[in-house]
Structures are given as structure tokens and as C-alpha cells.
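Novice: Sharing a sequence plus its predicted fold:
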Amino acid sequence: QVQLVESGGGSVQAGGSLRLSCAASGYTYNFYCMGWFRQAPGKEREGVATIDSIGTTSYLYSMKGRFTISKDNNTLYLQMNSLKPEDTAMYYCAARAGWPCGLTSHFGYWGQGTQVTVSS
């Protein structure tokens, strides 16, 4: 059984930083691709960043330069800098076994999410 558990969310002021973590456990050896997604109230879920097994990353254009995705063994990270109020959302970690690894790929495994709130 696969488990993805996010942590690191919280409330910060605009311009601040947060580092999200996602601990993966269980049958994870075939996780070719992992990613971060977010969903704000009243909005559709959107892909934030993905990383594949060899470290290739992709980002939503508006995140590039502010957010950095990384992975260390079975833990996925999202470093978020220069946060803006519009970054307020529930952030989810996700994983998939197959190719390709992109923001619009289908992810079969999801965490419960961690809330990020950015105040102006």
C-alpha cells in the first residue's frame, strides 16, 4: 500500500518562504514521476511542478524562479520563495508509475494535502 504524507504548510506573509515535504512509503520503487499540485477555493486543481526519476523537472510557468521541486530518496520537497497571496491553496503531493512526467499527466497516488496561506 502506498502512502503520501505532506507536511510543511502554514501561514506566511507575502514575500515569505515555506518548504513543503512529502514522505512516500509503501510500494514506491516504481514511482517514475512525482509532483506537486494545488487547489484554491473555487478553482480547479493545477499542476505546480513535477520531477522524474532522473531529476528532470517541469514547472507551471508562473512558478518558475520562485518554486523549486526536489527529491531525496522517498521524500519529495517543494521550496517556495517570494510567496504571493495568490499562492494560497491546498497543496498536494502526487506520484505516478509511468511516463510521461508532466503537469497534465495522470497521477494515481495522492496525499491528503497541506494548506498554504499567504497574507498580504
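Specialist: Structure received. Numbers count the residues shown, from 1 in each chain.

Novice: tell me which element the residue positioned nearest the centre of the chain falls in.
Specialist: Taking CA atoms, centre = their mean, the centroid of the chain lies closest to residue 36, which sits 1.9 Å from it. With secondary structure defined by DSSP states H and E, residue 36 is part of strand 33-39.

Novice: Check residue 90 too.
Specialist: Going by DSSP H and E, residue 90 is in strand 89-96.

Novice: which residues sit against that strand?
Specialist: Taking contacts as CB atoms under 8 Å, 6 or more residues apart in numbering, the residues outside strand 89-96 that touch it are 2, 4, 6, 9, 20, 22, 24, 28, 31-40, 43, 45, 48, 76, 78, 105-116. In this view, the C-beta of every residue, glycine as well, is placed from N, C-alpha and C.

Novice: out of those, which are inside strands?
Specialist: Among these, the ones falling in strands (DSSP state E) are 4, 6, 20, 22, 24, 33-39, 48, 76, 78, 109-110, 114-116.

Novice: filter the residues you listed to the buried ones?
Specialist: 4, 6, 20, 22, 24, 33-38, 48, 76, 78, 109, 114, 116 (16 or more other CB atoms under 10 Å).

Novice: and the residue nearest to residue 7 when sequence neighbours are not counted, how many neighbours does it have?
Specialist: Nearest non-adjacent residue to residue 7, counting by CB to CB, 6 or more residues apart in numbering: residue 21, 5.1 Å away. The tally of other residues near residue 21 (other CB atoms under 10 Å) stands at 16.

Novice: Kind regards, and thank you for your time.
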